[in-house]
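**Q** sequence first, then the predicted structure, then my questions.
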Amino acid sequence: MFCCETAMFIMGLPAWRVPPQVQTLATVPHASGVRARTFRCVDPDVPPAARTVGHLHLPTPETVRAGDFRVVAAAHAAARVLGRTTLEIALPLADALLRSGTFGISDGTLLAAIEAMPEGTSRRQGKGVLKLADGRSESPGESASRAVMLRLGVEPPELQVELVVPSGRLVRPDYWWRKAGVAGEFDGRGKYLDPDLVGQGNTWDVLRKEKQRQVELLQVANAVVRWTSEDLQRPEVLRERLVRAGVDVDPLRRSRLR
């Protein structure tokens, strides 16, 4: 059966990345299903699967069907992701669960699954991530951006605040630093390429509307800082842009989570 990040990915939860390994749960180590005669990569672009990532002695969890696949129950899979992955991977999942209410996982159910994990470090990490979760983040990229900000010690921004521009329209930036009067925007590819977001228009229409939105934001903000997923791989770039715009960044505020 599939578990951890792989299970959540199969179940359709928004993710910041495709899991780097296919994660399975077996009753005994040699039954992992990746022996040479049972597992073969047929796509040359797919890296070889890790034969063994680690062994855990856990009670057999509840399992469910997700399409053609058998996976561990969502609460169990989510708890493992929150407790055993980095903040950049865990926070997008935690935010998505709060935002969508998918699979009926309540805060109490997820907290119980985290408390049931045998490793103390995983329990502490999972509960720490859950405290930081915010369903107002609208995409994995926005959540991963917050994770990077937490690592940098950036002053926590307000999320999805509605600002009234001179025309009377409401403009809602992804992030708002009220004291500095700075708006922040994560520019994900989906904003310009995802049919569900583009709607009946095309990429040019989206670019034109985004340019107009930028003009309107600058009518009420001192600065607008933008970044992409590539920028998140270089946190110092994001830090420099925010500091230059006037956002407070204090190393003493850095998150201690993994």
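**A** That came through, no problem. Because the structure is a prediction, the values reported are computed rather than measured.

**Q** if I look at the residue nearest the centre of the chain, how far off is L152?
**A** Nearest to the geometric centre of the chain sits P92, at 1.9 Å (CA atoms, centre = their mean). Look at P92 and L152: by CB to CB, to the nearest Å, they are 17 Å apart. Glycine gets a C-beta too; all of them are placed from N, C-alpha and C.

**Q** cool, L91 as well?
**A** Distance, L91 to L152, using CB to CB: 14 Å.

**Q** of those two, who's got more company?
**A** Neighbours were counted for L91 and for L152 using other CB atoms under 10 Å; L91 has more, 30 against 19.

**Q** surely the more buried one is in a helix?
**A** Yes. Under DSSP: H, G, I helix; E, B strand; the rest coil, L91 sits within a helix.

**Q** just checking, it touches K131?
**A** No. Applying CB atoms under 8 Å, one finds L91 not in contact with K131, separated by 10.8 Å.

**Q** look up the closest residue to R99, ignoring the ones flanking it.
**A** Excluding the flanking residues, the one nearest R99 by CB to CB, 6 or more residues apart in numbering is G135, at 3.9 Å.

**Q** neighbours of the one you found, how many?
**A** When neighbours are defined as other CB under 10 Å, G135 has 14 of them.

**Q** my guess is it contacts P92, does it?
**A** No. Assessed by CB under 8 Å, G135 is found out of contact with P92, at 11.7 Å.

**Q** and I114, helix, strand or coil?
**A** Assignment for I114 (three-state DSSP): helix.

**Q** identify the residue nearest it in space, chain neighbours excluded?
**A** G126 (3.8 Å).

**Q** I'd say that neighbour and M117 touch.
**A** Yes. Using CB under 8 Å, G126 is in contact with M117, at 6.8 Å.

**Q** the more surrounded of these two?
**A** The neighbour comparison of G126 against M117 (other CB under 10 Å) goes to G126, with 28 against 21.
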